[in-house]
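Asker: how does the following fold in three dimensions:
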Amino acid sequence: MSATDYAASQQVVRNYLDQVSLPAPVSAAREAELVEQATALLRAKDATLVAHYYVDESLQALAEATGGCVSDSLDMARFGQTAEASTLVVAGVSFMGETAKILSPEKRVWMPQLAATCSLDIGCEAGAYRAWRRQYPDHVAVVYANTSAAVKAEADWVVTSSIAVEVVEHLHAQGKSILWAPDKHLGGYVQKQTGADMLLWDGACIVHEEFRTRGLDDIKRIYPQAAILVHPESPDEMVAMADAVGSTKQLIEAARRLPHSHLIVATDKGIFYKMRQAVPDKVLLEAPTRGVGGDCVSCAHCPWMAMNSLERLVNCLHSDGVGHSIEVDEATRIGALRSLTRMVEFQRA
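Answerer: You can find the predicted model right below:
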């Protein structure tokens, strides 16, 4: 993908950001009322709440309290397959809802806010990806989970950040060359870890690309004994400073494992809800973004994840999913199912 194309895709991302509608804050009393309503409605609609680590902690807490799931995108997908409920309510972003529907077509899949998308998804449009892939027919096409169902349908493999290195190692051992999309930072990290022959799509996450080493140097001077935890969607220079690099779930595990009393965390700050549960005796610090002394698009919190709220969840459930339902056409679903099934089965092996 050319630099010009990347610039164009980032303009598309900015256009989407202009359309973000964040929910208004609510009082503690109103939140308690919404939790009560949502709990009753989940039961009445035979629905289970599947929430990502990055959504508001009120939604994560509700998922825990009602027998749902709070996890990364891989475990969210696997949970949805085994959940007994006939309806999955996915609090996250659109590709997560699509993945749930692809893997569980017999279930209704709703989202509190259908407009919640992802900068990586936006920056990897299916037609452009299809054309790029056709230029390299001898490469194995591996796409990150943060892509549309249409892109997944063009790919050979889907991976999450928790298994990306292992999958590419597996393919590299077979002598395969890799066509990777869409996150260039994660792709570069995987390439360094595996030594694989990889061509990378020129895309990036607007949250993780905001982290800067200058700010990290500053906070390390204040907390010199703190460990640095970095998601591999972050720029390479951030990864180079890390004591632990990994997916959201892996970073929570690293927080438990590391002996440090202070942890500087370079990923979406929504992760702090579960990380505090894992290490209640440790001090968690947000890694600085370029929002300190400069412009910041996301400031360590995905604006589309932030579109999910208790009020929107209640509206979704009240409406029986009208205006909230995820649908994937059957041809696309079958195509995407092949690459997603490889991901799920690889994790189980």
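Asker: distance of the nearest residue in space to residue 92 that is not next to it in sequence relative to residue 261?
Answerer: Taking Cβ to Cβ, 6 or more residues apart in numbering, and ignoring the residues beside it in sequence, residue 92 has residue 52 as its nearest neighbour in space, at 3.9 Å. Where you see a C-beta, it was placed from the backbone N, CA and C, and this is true even at glycine. Taking Cβ to Cβ, to the nearest Å as the measure, residue 52 falls 28 Å from residue 261.
Asker: same question, residue 102
Answerer: When distance is defined by Cβ to Cβ, residue 102 is 43 Å away from residue 261.
Asker: okay, residue 52 and residue 261: which has more neighbours?
Answerer: Taking residue 52 and residue 261 together and counting by other Cβ atoms under 10 Å, residue 52 has the greater number of neighbours (27 against 13).
Asker: got phi/psi on residue 96?
Answerer: Dihedral pair for residue 96: phi -70, psi -40, per degrees, to the nearest 10.
Asker: show me what contacts it?
Answerer: Counting by Cβ atoms under 8 Å, 6 or more residues apart in numbering, residue 96 touches 50, 52, 73, 76-77, 90.
Asker: OK, contacts around the residue nearest to residue 92?
Answerer: Contacts for residue 52 (Cβ under 8 Å, 6+ apart) come out as 70-73, 76, 91-93, 96, 270, 305.
Asker: out of the residues you listed, which are inside strands?
Answerer: Where the contacts of residue 52 overlap with strands, as defined by DSSP state E, the overlap consists of 70-71, 91.
Asker: want to throw the residues you listed into a markdown table with neighbour count, distance to residue 311 and pLDDT?
Answerer: Compiled in a markdown table, those are given as follows (neighbours: other Cβ atoms under 10 Å; distance: Cβ to Cβ, whole Å; pLDDT from 0 to 100):
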| residue | neighbour count | distance to residue 311 | pLDDT |
| --- | --- | --- | --- |
| 70 | 24 | 19 | 97 |
| 71 | 22 | 23 | 93 |
| 91 | 33 | 12 | 98 |
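Asker: so which of the residues you listed comes closest to residue 252?
Answerer: residue 71 (9.8 Å; Cβ to Cβ).
Asker: against residue 197, how distant is the closest one?
Answerer: As for residue 71, its distance to residue 197 is 32 Å (criterion: Cβ to Cβ).
Asker: may I have stretch 314-321 as PDB, with CA atoms only?
Answerer: What follows is stretch 314-321 as a C-alpha-only set of coordinates in PDB (Å, rounded to 0.1, in the frame of the first residue of the first chain):
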ATOM      1  CA  VAL A 314     -30.900  -0.900  27.500                       C
ATOM      2  CA  ASN A 315     -32.300   0.800  24.300                       C
ATOM      3  CA  CYS A 316     -30.900  -2.100  22.300                       C
ATOM      4  CA  LEU A 317     -32.600  -4.700  24.500                       C
ATOM      5  CA  HIS A 318     -35.900  -2.800  24.700                       C
ATOM      6  CA  SER A 319     -36.000  -2.600  20.900                       C
ATOM      7  CA  ASP A 320     -35.600  -6.400  20.400                       C
ATOM      8  CA  GLY A 321     -32.500  -5.600  18.400                       C
END
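Asker: who touches it?
Answerer: Under the criterion Cβ under 8 Å, 6+ apart, external residues in contact with stretch 314-321 comprise 34, 37-38, 41-42, 45, 47, 87, 89, 108, 110-112, 324.
Asker: go with 7 Å
Answerer: Applying Cβ atoms under 7 Å, 6 or more residues apart in numbering, the set of residues contacting stretch 314-321 from outside is 34, 37-38, 41-42, 45, 47, 89, 108, 110, 112, 324.
Asker: redo those as CSV? Include pLDDT, secondary structure and distance to residue 151.
Answerer: Output for the contacts of stretch 314-321, formatted as CSV (pLDDT from 0 to 100; DSSP: H, G, I helix; E, B strand; the rest coil; distance: Cβ to Cβ, whole Å):
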residue, pLDDT, secondary structure, distance to residue 151
34, 98, helix, 35
37, 98, helix, 36
38, 98, helix, 32
41, 98, helix, 33
42, 98, helix, 31
45, 97, coil, 31
47, 98, strand, 28
89, 98, strand, 24
108, 97, strand, 24
110, 98, strand, 22
112, 97, coil, 24
324, 96, coil, 23
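Asker: ok, which pair from these is furthest apart?
Answerer: Comparing all pairs in the contacts of stretch 314-321 by Cβ to Cβ, the longest separation belongs to 34 and 108, at 21.5 Å.
Asker: ok so, going back, ok, the ones in strands among the contacts of residue 52 vs residue 337, which is closest?
Answerer: Of all the ones in strands among the contacts of residue 52, residue 71 has the smallest distance to residue 337: 20.9 Å, by Cβ to Cβ.
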